[in-house]
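> pasting a predicted model and its sequence here:
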Amino acid sequence: MNRPKNPNDRRHGARSGPPRKGGGPRGVPGKGGANNAGGRRGPGGRKPQGRDTQIPDPNLPKRDGDRIAKLLARAGIASRREVERMIEDGRVAIDGEVVTTPATVLTSLKGVTVDGNPVGAPERTRLFLFNKPAGLLTAERDPKGRATIYTALRNALPADTPRLMPIGRLDYNTEGLLLLTNDGEFKRALELPSSGIPRTYRAKAMGKVGQNDLEALFEGVTVDGVHYGQIEANLERRSGLQNWIELTLTEGKNREVRNVLEHLGLQVSRLLRIAYGPYDLGDLPRGAAVEVKQGEVERFRKALSRERAK
């Protein structure tokens, strides 16, 4: 992959390096972790707002089981939101009776079917890193017949790999690191802005821009009525009107990097995601995928759960 050389580039997998101030490792949720990754200050340096901190009423009876939407997401059927749409469409049933609400509480998925097919017990949570080439949709299918990430994944993954869901999305022409998992709840936790998971991009853009212009993005910016939160941006290299810019953000809104840079008068010709949370693209070949070791996944999940519980 052609990109400017950077002495700080690392191999793919969990990031290495000394702990950040506050004791948390780079990009891992925790004090000084996910909210302070990718640079000197990092987006979300303050504790994310808007997190659900409601305390359960101790007078209410303890619920036995979980909502069916959550259980199906954990089983890898789809994300919780997608499962809720399946229920609305009447595709989910229990012992042949169509489920009418995603709030249905179950202790197991015994007797549950989706489109008439029995749902198996959830597998262990698995996580894969994929180097997405440009020219692929982050979707299962496209009405226009364009190639999707699953076209490439058929050749990149072992035949016995379970159904995987992308964690977040990369635009059709954006390349680089895409995380995939079989666990819908894990996917949701990594996507939520309130989790404060940093995403780092490297953009090649034409136009005039200075470091001061980029530093201003740390205070947030509103473009066409959409507000984008803290972004840490650094000018890595300039050659005439050609710039290489590294940006770290935590919201991950649709086309966020492109919209913000175009707002600064730049024309983006190439965009790569090089890190997501503690995972780096490194030297993973384009179109290739690699599985994260189970122990690393479990440590990351526990750290994420602790942070979300605060």
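Done, it's in. Numbers count the residues shown, from 1 in each chain.
> pLDDT at Y201, what is it?
Per-residue pLDDT puts Y201 at 98.
> what's the local residue count around it?
The number of residues packed near Y201 is 25, by other CB atoms under 10 Å. Just so you know, the C-beta spots here come from the backbone N, C-alpha and C atoms, and that holds for glycine as well.
> likewise for E236?
14.
> any chance you could read off phi and psi for it?
phi -80, psi -40 (degrees, to the nearest 10).
> against P285, how distant is it?
As judged by CB to CB, to the nearest Å, E236 and P285 stand 23 Å apart.
> and if you look at V119?
35 Å.
> what are the ranges of the helices in the chain?
68-74, 80-88, 149-156, 184-191, 211-215, 256-263, 294-309 (DSSP state H).
> what's the angle between the second one and helix 184-191?
Spelled out, that is helix 80-88. Using axes from the mean of the first three to the mean of the last three CA atoms, to 10 degrees, one finds that helix 80-88 and helix 184-191 are set 130 degrees apart in direction.
> so which bits of helix 80-88 are buried?
R80, V83, E84, M86, I87 (16 or more other CB atoms under 10 Å).
> then stretch 137-150?
Those would be L137, T138, T148, I149, Y150, for stretch 137-150 by 16+ other CB under 10 Å.
> can you dump the C-alpha coordinates of it into PDB?
C-alpha atoms of stretch 137-150 as PDB (Å, rounded to 0.1, in the frame of the first residue of the first chain):
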ATOM      1  CA  LEU A 137     -19.200  -1.400  -0.300                       C
ATOM      2  CA  THR A 138     -19.400  -2.100   3.400                       C
ATOM      3  CA  ALA A 139     -22.700  -4.000   3.000                       C
ATOM      4  CA  GLU A 140     -23.900  -7.500   2.400                       C
ATOM      5  CA  ARG A 141     -25.400  -6.800  -1.000                       C
ATOM      6  CA  ASP A 142     -25.900  -3.900  -3.400                       C
ATOM      7  CA  PRO A 143     -29.000  -3.300  -5.600                       C
ATOM      8  CA  LYS A 144     -26.700  -1.900  -8.300                       C
ATOM      9  CA  GLY A 145     -24.600  -5.000  -8.300                       C
ATOM     10  CA  ARG A 146     -21.400  -3.400  -7.100                       C
ATOM     11  CA  ALA A 147     -18.800  -5.600  -5.300                       C
ATOM     12  CA  THR A 148     -19.000  -5.600  -1.400                       C
ATOM     13  CA  ILE A 149     -16.600  -6.400   1.300                       C
ATOM     14  CA  TYR A 150     -18.000 -10.000   1.400                       C
END
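> that older thread, for T174, state which of the buried residues of helix 80-88 is nearest.
R80 (25.0 Å; CB to CB).
> which parts of the stretch 51-200 of the chain are strands?
Taking DSSP state E, counting those that start in this stretch as the test, the strands found in the stretch 51-200 of the chain are 66-67, 92-94, 97-98, 105-106, 112-114, 117-118, 127-132, 165-167, 175-181, 199-206.
> would you mind giving those as CSV with distance to S269 added?
What follows is the strands of the stretch 51-200 of the chain, written out as CSV (distance: least, CB to CB, whole Å):
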stretch, distance to S269
strand 66-67, 45
strand 92-94, 45
strand 97-98, 50
strand 105-106, 50
strand 112-114, 42
strand 117-118, 45
strand 127-132, 17
strand 165-167, 24
strand 175-181, 12
strand 199-206, 5
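> wait, which of those is closest to G220?
Closest approach to G220 among the strands of the stretch 51-200 of the chain (CB to CB): strand 199-206, 16.0 Å.
> got JSON lines for the buried residues of helix 80-88, with distance to L164 too?
Listed next are the buried residues of helix 80-88 as JSON lines, based on distance: CB to CB, whole Å:
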{"residue": "R80", "distance to L164": "16"}
{"residue": "V83", "distance to L164": "16"}
{"residue": "E84", "distance to L164": "20"}
{"residue": "M86", "distance to L164": "18"}
{"residue": "I87", "distance to L164": "22"}
